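Chemist: The following comprises the amino acid sequence and a computationally predicted model.
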Amino acid sequence: DQQVKQNSPSLSVQEGRISILNCDYTNSMFDYFLWYKKYPAEGPTFLISISSIKDKNEDGRFTVFLNKSAKHLSLHIVPSQPGDSAVYFCAAEANFNKFYFGSGTKLNVKP
Amino acid sequence: GAGVSQSPSNKVTEKGKDVELRCDPISGHTALYWYRQSLGQGLEFLIYFQGNSAPDKSGLPSDRFSAERTGGSVSTLTIQRTQQEDSAVYLCASSLAIGRETQYFGPGTRLLVL
């Protein structure tokens, strides 16, 4: 029973363009969301987070958007760079110290 | 400073054997988390520690799984009588405290049960 879903296993984008990674969740109790980035043979690294009291959070080239009514969040990377090529996981938490992760989207940014 | 380390990095075992996976968190981090990632799946939360205490063990897949943490530092995840479905990457993360502190992940232990 996956409470956090990333329906696109992969995404390919040209360098300089926008990458949009999507994530859907089912549990309306989730009120904190995160994105992690993972390179091969390494553990995930934290990228950006958003609390449910906001609908947008921006950090440099990375912006996370939250649509609570649709139970949907997305990560925008602008402009995309080849070094952004990695697997991106979204995660959600409902104040019980349990974090639920999606299955990941593999982003390939072509030079 | 040193990040989260895990050992072994790879483990191949036969079905029915016991395995022990180790996690060394970042020094000073009181919270420690264990996850596993099966092929094609997301990270599955297993258990977290606040200090040496694990308040909620409901995420452990079966009673063959156990975890402990000693001295507020090193943690071990033990899987008894391994099954083929236990094959996965087991990831450990630590953070300064429980809750919404950034979790820092180790590189994982890749377990293969034959």
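Modeler: That came through, no problem.
Chemist: and the residue of chain A nearest chain B?
Modeler: Using C-beta to the nearest C-beta, the single residue of chain A nearest to chain B is residue A:43, 2.9 Å away. Yep, even glycine has a C-beta here, placed from its N, CA and C like the rest.
Chemist: Quick check: closest non-adjacent residue to that residue.
Modeler: Taking C-beta to C-beta, 6 or more residues apart in numbering or on different chains as the measure, residue A:43 lies nearest to residue B:105, with 2.9 Å between them; neighbours along the chain are not counted.
Chemist: One more: residue A:110?
Modeler: With sequence-adjacent residues excluded and distances taken as C-beta to C-beta, 6+ apart, residue A:110 is closest to residue A:14, at 5.5 Å.
Chemist: contacting residues around the one you found?
Modeler: Going by C-beta atoms under 8 Å, 6 or more residues apart in numbering or on different chains, residue A:14 touches A:80, A:109, A:110.
Chemist: which among those residues gets closest to residue B:79?
Modeler: Comparing those against residue B:79 with C-beta to C-beta places residue A:109 closest, at 37.4 Å.
Chemist: Kindly provide the distance from that closest one to residue A:81.
Modeler: Going from residue A:109 to residue A:81 by C-beta to C-beta, to the nearest Å gives 6 Å.
Chemist: joint contacts of the two?
Modeler: Common contacts of residue A:109 and residue A:81 (C-beta under 8 Å, 6+ apart): residue A:15.
Chemist: which one of these two has more residues nearby?
Modeler: More crowded of residue A:109 and residue A:81, by other C-beta atoms under 10 Å in any protein chain shown: residue A:109, with 21 against 13.
Chemist: My read is that the more buried one contacts residue A:82, right?
Modeler: Yes: the pair residue A:109 and residue A:82 qualifies as a contact (C-beta atoms under 8 Å) at a distance of 5.0 Å.
Chemist: Next, show the common contact partners of the two.
Modeler: By C-beta under 8 Å, 6+ apart, residue A:109 and residue A:82 have these common neighbours: residue A:15.
Chemist: what number of residues lie near the residue in chain B positioned nearest to chain A?
Modeler: Proximity to chain A, evaluated over chain B using C-beta to the nearest C-beta, is greatest for residue B:105 at 2.9 Å. Residue B:105 has 22 neighbouring residues, counting by other C-beta under 10 Å.
Chemist: Many thanks, have a good one.
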